[in-house]
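Participant: okay, here's the prediction I keep looking at, along with the sequence it came from:
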Amino acid sequence: MVLAELAFSTSDLAQVRFAVSPMWEVAPSFRLLRSGTTHPVHRPWADQVRPRMVAAGLDQGWLRELIPPTGGYVPDFLNPPPAGPAPTPAAERDAIRASPADRVRRDLDHLARHQGDPGPRLRALHNDPQGLLAKVTDELETYWELALAPYWARIRAVLDADVLYRARMAAEHGAGHLLNDLHTSLSWDGSALRMARRKQPLTRTTAGTGLLLIPSAFTGPGLRTRTTPADPPQLAYPARGTGTLWEPRPATRADSLSAVLGRSRTLLLTELDMPASTTQLAHRTGLSPAGVSQYLTALRNAGLVSAHRAGRSVLYARTAAAETLLQAASA
């Protein structure tokens with residue numbers, strides 16, 4: 001292990017920014033599902049998603065070969081630099097699909113040095129990056145819709161809250177205090193960011209200008225980095241509040257909300273603490289499947305519920321607007 005030092009000029013400090021990146025959640029969440037272990041924080045999510053992932057065959061596809069099961073290097077082209085503060089999953093997939101062939105091959109060679117001989121899919125991808133990246137991004141889209149999209153409003157709220165907290169810290173105490181507070185393995189000495197327990201050096205010759213700070217719900221207790229010239233270095237760190245991500249929400253005062261939405265719609269919203277199908281909601285609420293479908297359509301049209309395809313089922317999830325509404329009703 002080495003102590004890496006990333007030097008900062010005045011220009012680098014001026015280019016430090018935050019971004020919420022959907023694709024940065026893909027690799028660590030997929031690795032967690034593949035591990036089959038019980039996670040102290042993410043168990044409620046994993047118990048729901050793992051059977052769907054296996055049923056869809058995602059545990060045997062492109063991601064299985066691209067994402068090592070026990071940590072380590074993930075190809076850099078899977079984490080393109082976020083163009084703005086909150087790129088959409090589709091925009092990030094487009095960036096992956098547009099990755100230059102030489103970068104894809106270089107990343108796959110790096111992965112092979114860490115993981116040994118690549119499987120048949122990765123050999124084919126190495127031979128024809130431009131032809132096969134579409135298949136990779138198609139599988140990324142399937143995984144996103146099945147494993148992360150139904151939960152994204154909840155995850156995104158945690159990530160946004162982390163960014164808001166740290167932006168306020170920077171405003172009140174300066175960028176140095178912010179960088180010093182990000183993680184126990186990081187320290188700021190006034191001109192450089194030091195990273196302890198790192199396997200490889202990190203210098204401005206191996207990274208671009210500035211720094212992209214990316215809060216993550218699934219990255220675990222450590223840090224993940226991406227350094228590819230001339231892109232800005234990316235640093236994914238554990239977001240504050242992840243430990244409470246899947247805890248049940250406070251009980252809503254159903255009577256006050258029912259007066260606005262109606263009893264059945266309110267009941268369905270409160271039942272969607274975790275995403276569920278029409279059949280599951282009908283079983284849990286005692287409403288007829290036809291009634292549940294009708295109410296969910298109304299809630300979806302109002303922007304309070306989103307629908308996500310998961311194999312043969314459709315999962316319904318509360319949107320950020322619904323979370324805000326329920327929070328206001330429980331106050």
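Facilitator: Great, that's in hand.
Participant: Met187 against Asp181, yeah?
Facilitator: If you look again at residue 187, you'll see it is Ser, not Met. No: with contact defined as CB atoms under 8 Å, Ser187 does not count as touching Asp181 (10.2 Å). Bear in mind the C-beta positions are built from the backbone N, C-alpha and C, glycine included.
Participant: quick one: low-confidence parts of the stretch 1-150 of the chain?
Facilitator: 1-3 (pLDDT under 70).
Participant: can you list the low-confidence ranges for the stretch 201-331 of the chain?
Facilitator: 250-254, 331.
Participant: please enumerate the helices of it.
Facilitator: Remark: helices assigned in the stretch 201-331 of the chain by DSSP state H, counting those that start in this stretch are 254-261, 263-271, 278-285, 289-301, 320-330.
Participant: turn those helices into JSON lines, columns for mean neighbour count and distance to His177.
Facilitator: Compiled in JSON lines, the helices of the stretch 201-331 of the chain are given as follows (neighbours: other CB atoms under 10 Å; distance: least, CB to CB, whole Å):
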{"stretch": "helix 254-261", "mean neighbour count": "15", "distance to His177": "41"}
{"stretch": "helix 263-271", "mean neighbour count": "20", "distance to His177": "40"}
{"stretch": "helix 278-285", "mean neighbour count": "16", "distance to His177": "47"}
{"stretch": "helix 289-301", "mean neighbour count": "16", "distance to His177": "43"}
{"stretch": "helix 320-330", "mean neighbour count": "17", "distance to His177": "30"}
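Participant: looking at the ones you listed, which is nearest to Pro81?
Facilitator: For the helices of the stretch 201-331 of the chain, proximity to Pro81 was assessed by CB to CB; helix 320-330 is nearest, at 25.0 Å.
Participant: which strands or helices does the closest one pack on?
Facilitator: Packed against helix 320-330 by the contact rule (3 or more CB pairs under 8 Å, 6 or more residues apart in numbering; DSSP states H and E) you find helix 152-173, helix 254-261, helix 263-271.
Participant: which helices and strands sit right next to the second one?
Facilitator: This points to helix 254-261. Using 3+ CB pairs under 8 Å, 6+ apart, helix 254-261 sits against helix 263-271, helix 320-330.
Participant: between these, which one is closest to Arg224.
Facilitator: Ranking these by proximity to Arg224 (CB to CB) places helix 320-330 first, at 25.7 Å.
Participant: now the angle from the closest one to helix 254-261?
Facilitator: With axes from the mean of the first three to the mean of the last three CA atoms, to 10 degrees defining the directions, helix 320-330 sits at 130 degrees from helix 254-261.
Participant: does Pro238 touch Arg224 like I think?
Facilitator: No: taking contacts as CB under 8 Å, Pro238 lies outside contact range of Arg224: 9.9 Å.
Participant: who touches both of the two?
Facilitator: Shared between the contact lists of Pro238 and Arg224 (criterion: CB atoms under 8 Å, 6 or more residues apart in numbering) are residues Ser216.
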